[in-house]
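A.B. asks: Show me the folded form of this:
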Amino acid sequence: MATIPGLSNSSSGSPFSPLTQTPADAAAEQLREIQRHLNRLEQQQAQRASGTEVEEFQKETRDVQVESNATARNIGVLKKNQTRLNLFSSLAAGDSVDGFQFRVTTKAATTFSILNASEEDKGKLHFQIYSKSNGRVLADSDPSSGGAHEVFQQIQDGTYEMETGDYILRVSRTSNVGAERNKEYSYALQLSQGLYAQDYDTIERAARATDDPYGIGNVSEATTSLTGSIASSVSFIQSLPRIGTSATDKLMGLIINSVY
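C.D. replies: Okay, here's the model as predicted:
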């Protein structure tokens, strides 16, 4: 299993250029975000109208000190009109990158949603999706990444059909030097393909100095059904530092970036 280039923690700074936008780009992106907001509201209404009884699942993972394909944490399987995947995590001080993996079993229009802990955190994180089989970057939040950025926008819009296969999701800092390296950034991510009957939460805890740096024996992959236990689930997730708001929004069926 080949390691994805750059998917390792490093103190030497980010291998990527800072993300930059012209005023025209920023205005266009704001309009796109408004449309995404409307699209998600429509999807939420469609989900409610379907009358589908959604089964909730939750698991915890543990961050690792050495990131690679082998240590990327599994967040689940994406299947059209069946599953939705939700991730709640953060880049702690000094942590330059997080790696996660997921599987797509249905070729279908896929929506990738991001929720930052605050409006000022927007643009501080760099998101990439790789094909695990060949290491090719499929989608990239960096506006200078050309076609990969176009795909990233389409996935955020919910108009890109992802092929079946295994993928790596990489979350890193757009700037990894000075004060930026020591700032903690919390985030929530969501992947969906239309409606869903099963909702999967992955909540990532910070790495511990006493853990194996490669995560051997650190991560519990046990998944527990939470059907009929939404209240206790909300209470539990809200108790997590800097993640409660994101999780609450998810349990209400909506993860969006605020554009106001």
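A.B. asks: Can you give me the end-to-end span of stretch 163-179?
C.D. replies: 39 Å (C-alpha to C-alpha, to the nearest Å).
A.B. asks: Now do the buried residues in that stretch.
C.D. replies: 166-176 (16 or more other C-beta atoms under 10 Å). For glycine as for every other residue, the C-beta is placed from the backbone atoms N, C-alpha and C.
A.B. asks: again with stretch 139-147
C.D. replies: Buried-residue list, stretch 139-147, by 16+ other C-beta under 10 Å: 139-143, 145.
A.B. asks: Nearest to residue 77 among those?
C.D. replies: Of all these, residue 77 sits closest to residue 139, with 18.7 Å by C-beta to C-beta.
A.B. asks: Which of the three states applies to the nearest residue to residue 137 once chain neighbours are set aside?
C.D. replies: Closest residue in space to residue 137, ignoring its immediate chain neighbours: residue 148 at 5.0 Å, by C-beta to C-beta, 6 or more residues apart in numbering. At residue 148 the chain is in helix, as set by DSSP: H, G, I helix; E, B strand; the rest coil.
A.B. asks: Same question for the one 4 residues further on.
C.D. replies: For residue 152, the reduced secondary structure class is helix; criterion used: three-state DSSP.
A.B. asks: residues near it, how many?
C.D. replies: Residue 152 has 23 neighbours, counted by other C-beta atoms under 10 Å.
A.B. asks: what does the one 10 residues further on give?
C.D. replies: The tally of other residues near residue 162 (other C-beta under 10 Å) stands at 22.
A.B. asks: what's the answer for residue 156, then?
C.D. replies: Residue 156, neighbours per other C-beta under 10 Å, totals 23.
A.B. asks: unless I'm mixing things up, it is touching residue 113, no?
C.D. replies: Yes: contact criterion C-beta atoms under 8 Å: residue 156 and residue 113 qualify, at 7.2 Å.
A.B. asks: list residues touching both of those two?
C.D. replies: The contact sets of residue 156 and residue 113 overlap at residue 36 (C-beta atoms under 8 Å, 6 or more residues apart in numbering).
A.B. asks: chain center to the host helix or strand of residue 180: distance?
C.D. replies: Counting by DSSP states H and E, the element that carries residue 180 is helix 178-181. A distance of 22 Å separates the centroid of the chain from that of helix 178-181, by C-alpha atoms, centre = their mean, to the nearest Å.
A.B. asks: Pull up the pairing partners for the next helix or strand after that helix, direction included.
C.D. replies: Counting by DSSP H and E, the next helix or strand C-terminal to helix 178-181 is strand 185-192. Paired strands of strand 185-192, with direction, are strand 83-91 (antiparallel), strand 108-116 (antiparallel) (DSSP bridges).
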